[in-house]
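[1] Sequence plus the predicted model coming up.
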Amino acid sequence: VQLQAFGGGLVQAGDSLRLSCAASGRTISYYGMGWFRQAPGMERESVATVTYSGKSTYYVDSVKGRFTISRDNAKNTVYLQMNSLKPEDTAVYYCAANSIYDTFRAGRADYWGKGTLVTVSS
């Protein structure tokens, strides 16, 4: 599975962005999908994940109520809607796919996409 994230950019605090992750090479229908981020000097962290069915999601505490992960298996695409952005959300965002959903808890994934930079100014 090849993954490519889109939609990053420079925004102001309080703005919204929607990231997209387009998959190719294989359907994502049977994969758990996730968004991770890595800020300068920081370790990569899991931001949001969604099961293959879309019925179950996970969010890191710092984004709960502001970010929403969703997937459109027909379009082979995963989204991350980010609202009320804060400067601390500044990071490179990566999408990932896992055949075993629980592996996300260990910060691992079967496939990683190239990241997209999100910069939030105060």
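    Okay, I see it. Numbering: from 1, shown residues only.
[2] C-alpha from now on. contacts and neighbour counts both.
    Fine.
[3] For the residue nearest to S122 when sequence neighbours are not counted, which residues are in contact?
    Counting by Cα to Cα, 6 or more residues apart in numbering, the nearest residue to S122 once its immediate chain neighbours are dropped is A13, at 5.3 Å. Listed by Cα atoms under 8 Å, 6 or more residues apart in numbering, the contact partners of A13 are S84, L85, K86, P87, V120, S121, S122.
[4] ok, now how distant is A13 from M82?
    To M82, A13 is 11 Å away according to Cα to Cα, to the nearest Å.
[5] And whatever helix or strand T68 lives in, what's buried?
    Using DSSP states H and E, T68 maps to strand 67-72. The neighbour-count check on strand 67-72 (16 or more other Cα atoms under 10 Å) flags F67, T68, I69, S70, R71 as buried.
[6] and the most centrally placed residue in the chain, how far is that from A48?
    Among the residues of the chain, W35 comes closest to the average C-alpha position under Cα atoms, centre = their mean, at 2.1 Å. Distance, W35 to A48, using Cα to Cα: 5 Å.
[7] Mind giving me the ChimeraX command for buried ones among the contacts of A13?
    Selection of buried members from these for ChimeraX, criterion 16+ other Cα under 10 Å:
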select :85,86,120,121
